[in-house]
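Colleague: one predicted model, sequence on top.
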Amino acid sequence: MFRLASISFALAAPAAALDLGQCTRTTHVSHGGEAEHRDLGAGRVGWAEWWSQEGVYVDAYVADCGTARVLITRLREENVGARQFDRRDAGQKIIERHTRRHPSLFSLEGLADDLANTGEDTQLSDMKTEPCACASLYPNMRGAMMPFVLN
């Protein structure tokens, strides 16, 4: 009887946590994906989305897993339209400066304001689906977001 109880417990145990390295992946066959996932502390994560078919872009994402809000800003664009720029280094410096602040002094709105002259098309929005980095690093902060599914 003891053996049966331990087997039932093993089957009911939660699945292993998602490894952050699994978040780096190609999301559009050979020409688009996500990379550079990182923990920014205090329930915040960052990553980059890239595209490289008939033009190149890199968007930086900073998400607050607890509030289900995300900032997206374009830091590189070539041959997508008329704009040509690469401000990845400058954008990352701004993001790093903000994320080093005490959590009570950090806001996505303040970060968006500071990125206004560096990033393009900067926007804040609500997240409906949990991003991979939140699922990996802060799974208990999912709240009402749809759970991330690795495919």
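Modeller: Perfect, thanks for sending it.

Colleague: can you name the element that comes right after the lowest-mean-pLDDT helix or strand in the chain?
Modeller: One helix or strand of the chain scores below all others by mean pLDDT, DSSP states H and E: helix 2-12, with a mean of 34. Later in the chain than helix 2-12, the nearest helix or strand by DSSP states H and E is strand 25-28.

Colleague: what residues sit buried inside the helix or strand that that following strand is followed by?
Modeller: Following strand 25-28 in sequence order, the next helix or strand is strand 32-41 (DSSP H and E). By neighbour count on 16 or more other Cβ atoms under 10 Å, the buried set for strand 32-41 is 33-34, 36-38, 40. The way it works is simple: take the backbone N, C-alpha and C, and place the C-beta from them, glycine included.

Colleague: got a markdown table for those, with distance to R100 too?
Modeller: Listed next are these as a markdown table, based on distance: Cβ to Cβ, whole Å:
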| residue | distance to R100 |
| --- | --- |
| G33 | 27 |
| E34 | 23 |
| E36 | 17 |
| H37 | 18 |
| R38 | 13 |
| L40 | 9 |
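
Colleague: how about CSV for those, with distance to L124 and pLDDT added?
Modeller: Supplementary listing: the buried residues of strand 32-41 in CSV, determined by distance: Cβ to Cβ, whole Å; pLDDT from 0 to 100:
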residue, distance to L124, pLDDT
G33, 23, 91
E34, 19, 93
E36, 20, 95
H37, 20, 96
R38, 20, 96
L40, 16, 96
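
Colleague: farthest-separated two in these?
Modeller: The span of those, defined through Cβ to Cβ, is set by G33 and L40 at 20.1 Å.

Colleague: and the helix or strand hosting E109, average pLDDT?
Modeller: Secondary structure assigned from DSSP H and E places E109 in helix 108-115. Average pLDDT, helix 108-115: 96.

Colleague: pairing partners for the next helix or strand after it, with directions?
Modeller: Using DSSP H and E, the helix or strand that follows helix 108-115 in sequence is strand 120-126. Strand 120-126 pairs in its sheet with strand 69-78 (antiparallel), by DSSP bridges.
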